[in-house]
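missing the sequence, but the structure's below:
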């Protein structure tokens, strides 16, 4: 564990590149750039279960349900972005996010191999303001492992995401979407 005081580990983590591709029902091999990202929040939450003994003393603290949620705010809100959310019901997506860490001169990459978006856009129409669009999603765990290209982002069964950080970013995955969908959905 490399914890400790290190000014170089204080980073601005925003912007970056968000890539999406549909896995099901219509597998698409090419990723599409989602546009300018205002913010991306990953909420990896676990409910915890208290296990007391007969006297009421805590003897164990176990994790229960795990939910990995994504909240993405895009600066762009044209018809293309609206259509992704409007038509999201029943679709699975492969989501890839890369963000530069300026102080470290490294890139942090996140691969969410199986994502479902909450359908329906919420849009604000107001004068003299910038309209953004918020995407809400949940990372669903894959049912099986899958070997990806590059192997840096190999899918592990029951793991909702893979992270990687290095001065040299790994390549964007180039898997055949239909093969991946068959294996993990």
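Great, that's in hand. Predicted model, so just to flag it, every value in this text is computed and none were measured. Residues are numbered from 1 along each chain as shown.

how about the strands in this structure?
In the chain, the strands defined using DSSP state E lie at 17-24, 32-33, 37-52, 58-74, 92-101, 106-117, 133-139, 162-166.

and the gap between the residue minimising distance to the centre of the chain and residue 131?
Central residue of the chain (CA atoms, centre = their mean): residue 112, 4.6 Å from the mean position. Note on residue 112: its distance to residue 131, by CB to CB, to the nearest Å, is 26 Å. Where you see a C-beta, it was placed from the backbone N, CA and C, and this is true even at glycine.

residue 158 too?
For residue 158, the distance to residue 131 - CB to CB - is 38 Å.

how near is the spatially most distant residue from the centre of the chain to residue 49?
In the chain, counting by CA atoms, centre = their mean, residue 55 sits farthest out from the average C-alpha position, at 42.7 Å. Distance, residue 55 to residue 49, using CB to CB: 18 Å.

swap in residue 183?
32 Å.

of the two, who's got more company?
residue 183 (17 against 11; other CB atoms under 10 Å).

per-residue confidence at that one?
Listed pLDDT for residue 183 reads 96.

point out where this structure drops to low pLDDT.
Low-confidence segments of the chain (pLDDT under 70): 1-3, 8-14.

circling back: ok, the residue nearest to the centre of the chain - contacts?
By CB atoms under 8 Å, 6 or more residues apart in numbering, the contact set of residue 112 is 68, 70, 94, 95, 96, 97, 139, 160, 161.

and what of residue 64?
By CB under 8 Å, 6+ apart, residue 64 lies in contact with 46, 47, 48, 49.

same deal with residue 100?
So residue 100 contacts 15, 16, 106, 107 (CB under 8 Å, 6+ apart).

could you measure from it over to residue 6?
18 Å.

residue 114 too?
Taking CB to CB, one finds residue 114 at 34 Å from residue 6.

what do you get for residue 76?
For residue 76, the distance to residue 6 - CB to CB - is 35 Å.

compare these two (neighbour count), which wins?
residue 76 (15 against 10).

for the more buried one, what are phi and psi?
Dihedral pair for residue 76: phi -80, psi 140, per degrees, to the nearest 10.

nearest spatial neighbour of it, chain-adjacent residues omitted?
Once flanking residues are discounted, residue 76 sits nearest to residue 35: 3.8 Å by CB to CB, 6 or more residues apart in numbering.

just give the number of residues close to the one you found.
For residue 35, using other CB under 10 Å, the count is 16.

so who does it touch?
18, 74, 75, 76, 81.

which strand residues bridge the first one?
Going back to what we said before, that points to residue 18. residue 97 (DSSP bridges).

quick check, it in contact with residue 32.
No. In this structure, residue 18 is not within contact of residue 32 by CB atoms under 8 Å, at 9.5 Å.

quick one: which of these two has more around it?
residue 18 (23 against 13).
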